[in-house]
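Colleague: give the three-dimensional model of this entry:
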Amino acid sequence: MKGAAAASIGAAAAAMQFGGALKSAPPLAALPFDVTLAAAMLLAMLLPLHALARDWRVAPSLALPLASCGALWLWLALAGAWSPSSTVLAAKLPEAVLLAPAMLAAGMMVAGDAALLRRCADAALAIGAFVAGAIAWGIATDRVVLGGLPGANPDLVRVQYQVAGLAIASAAGLAALRATEARGARRLPWVALNLALAAAALLPGGRAALAALALAVAAVPPILLWRRGRPGAALAWPALVAGGGLAGLAVLLADPTLAAGLRTVERIAEGDLAASGRAGLWGGALDLAGRALPWGLGPGGFAIAAGHGERRGLHPHNHALEALVEAGLPGFVLWLAAFGGGALVALRLAARAEAGRAARVAALVLPVALTTMVSTDLGNRMGWFALGLALGLGVEAAPRHVRRLRQARA
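Modeller: Next up is the predicted model:
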């Protein structure tokens, strides 16, 4: 029963985190309910009950990043008082100050319990493989049109494929970890899955997703190799991944017939990084941040100040820049202490954590961490859940012995 509960909670956490990817898969796209909301509701029912049955220990080093998160939420709420936005503010601020704490706490509890983390990682691996296969099948049968069907919301389509790329990237990192953990011929299925996931990442057109996959595959296995006393292999692995990836891209770029239909490769071949619009958004964010010092424009104020109106999709596409331009210097300092400080604390904790646990957290966190610096906004739940997973390396859960507790009270 305990194993079934852990599997349910882990699967719900993974489905909530990558719900956008599941919703983009053809077999699930026509479901009459929201996959993300259903998974979040299941997690909200099961995780508190599981937490009550555990004793929790929290590392003192988490105090600063957690306090910074709390202060950042309070400051964002205060900064909403001078925001010129109404529509975007009403949608974004509750997510950033009400949903974010729940996501952070959920991530910490999942990473703090070894059984939950393993089940969550297993579910994320299955989701990534399923999404990769579903997208490939959908493209082959014309059920998926890259860029969206005529009349589709382009912002929604873009977000769906970004999350699909994140699911594939995390699954690839986890598959690489399983290949490293396995012995002999048992590695071959995991290697084959990793290659299939890498091929699937070439289909949707997301260059950031491909970079996230390369980061996960290059960074996750060395954690396990280093802790197993193989520093040479750990240091050589990223170079091997980079060399193999660049060689594969070179072959595809050299022969247009091989790259036909691979939208990610086609976009790399085009070479126009400015076409994504991020460079203009980043430059505009820096310019507006300088004008709005020291207090910032207020949450949701960037798009209006930049002349785009009430459009949430036209945020700075960089967490740090968004904190600076919309929350001013106080918000930027608090964001840096929360996310930057959290990353430093997580690195220190990972050095002492069990190798497999640290590697699984890295596979789930690194793709999202990269995405927060090139996409998403401060209200996005995925960034906060990933931060919770990273900080969860400083949390330890142990079964609560009710009989002993009663004896102690007596």
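Colleague: how about the contacts made by Trp75?
Modeller: 327, 330-331, 334 (C-beta atoms under 8 Å, 6 or more residues apart in numbering). To be clear about C-beta, it is placed using only N, CA and C from the backbone, and glycine gets the same treatment.
Colleague: which of those sits closest to Ala102?
Modeller: Using C-beta to C-beta, Leu334 comes nearest to Ala102 of the contacts of Trp75, at 19.1 Å.
Colleague: what helix or strand does the closest one sit in?
Modeller: If you go by DSSP states H and E, Leu334 is part of helix 319-335.
Colleague: so which elements touch that helix?
Modeller: helix 63-79, helix 278-292, helix 301-305 (3 or more C-beta pairs under 8 Å, 6 or more residues apart in numbering; DSSP states H and E).
Colleague: redo that, cut-off 10 Å
Modeller: helix 63-79, helix 278-292, helix 301-305, helix 355-372 (3 or more C-beta pairs under 10 Å, 6 or more residues apart in numbering; DSSP states H and E).
Colleague: circling back: just the buried ones from the contacts of Trp75?
Modeller: Buried residues within these, defined by neighbour count using 16 or more other C-beta atoms under 10 Å: 327, 330-331, 334.
Colleague: state the pair within the residues you listed that is farthest apart.
Modeller: Between any two of the buried ones among the contacts of Trp75, the greatest separation by C-beta to C-beta is 7.6 Å, found for Ala327 and Leu334.
Colleague: can you list residues touching both of those two?
Modeller: Common contacts of Ala327 and Leu334 (C-beta atoms under 10 Å, 6 or more residues apart in numbering): 72, 75-76.
Colleague: out of these, who's nearest Ala111?
Modeller: Using C-beta to C-beta, these come closest to Ala111 at Leu72, 20.6 Å.
Colleague: for the residue most central in space within the chain, give me its contacts.
Modeller: Closest to where the C-alpha atoms of the chain average out (C-alpha atoms, centre = their mean) is Val368, at 2.6 Å. By C-beta under 10 Å, 6+ apart, the contact set of Val368 is 17, 163, 166, 169-170, 212, 376, 380, 382-387, 389-390.
Colleague: restricting the selection to alpha carbons, write stretch 69-80 to PDB.
Modeller: Taking Å, rounded to 0.1, in the frame of the first residue of the first chain, the C-alpha atoms of stretch 69-80 are listed here in PDB:
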ATOM      1  CA  CYS A  69      11.300  33.500  -1.700                       C
ATOM      2  CA  GLY A  70       8.900  34.700   0.900                       C
ATOM      3  CA  ALA A  71      10.200  38.200   0.700                       C
ATOM      4  CA  LEU A  72      10.000  38.100  -3.100                       C
ATOM      5  CA  TRP A  73       6.400  37.100  -3.000                       C
ATOM      6  CA  LEU A  74       5.500  39.900  -0.600                       C
ATOM      7  CA  TRP A  75       7.400  42.400  -2.700                       C
ATOM      8  CA  LEU A  76       5.600  41.300  -5.900                       C
ATOM      9  CA  ALA A  77       2.300  41.700  -4.200                       C
ATOM     10  CA  LEU A  78       3.300  45.200  -3.100                       C
ATOM     11  CA  ALA A  79       4.700  46.100  -6.500                       C
ATOM     12  CA  GLY A  80       1.300  45.200  -8.000                       C
END
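Colleague: so for that stretch, mean pLDDT?
Modeller: Averaged across stretch 69-80, pLDDT comes to 96.
Colleague: change the start of the numbering to 5 and stick with it
Modeller: From this message on, residue numbering opens at 5, which makes the last subject stretch 73-84.
Colleague: having no further points to raise, I will conclude here.
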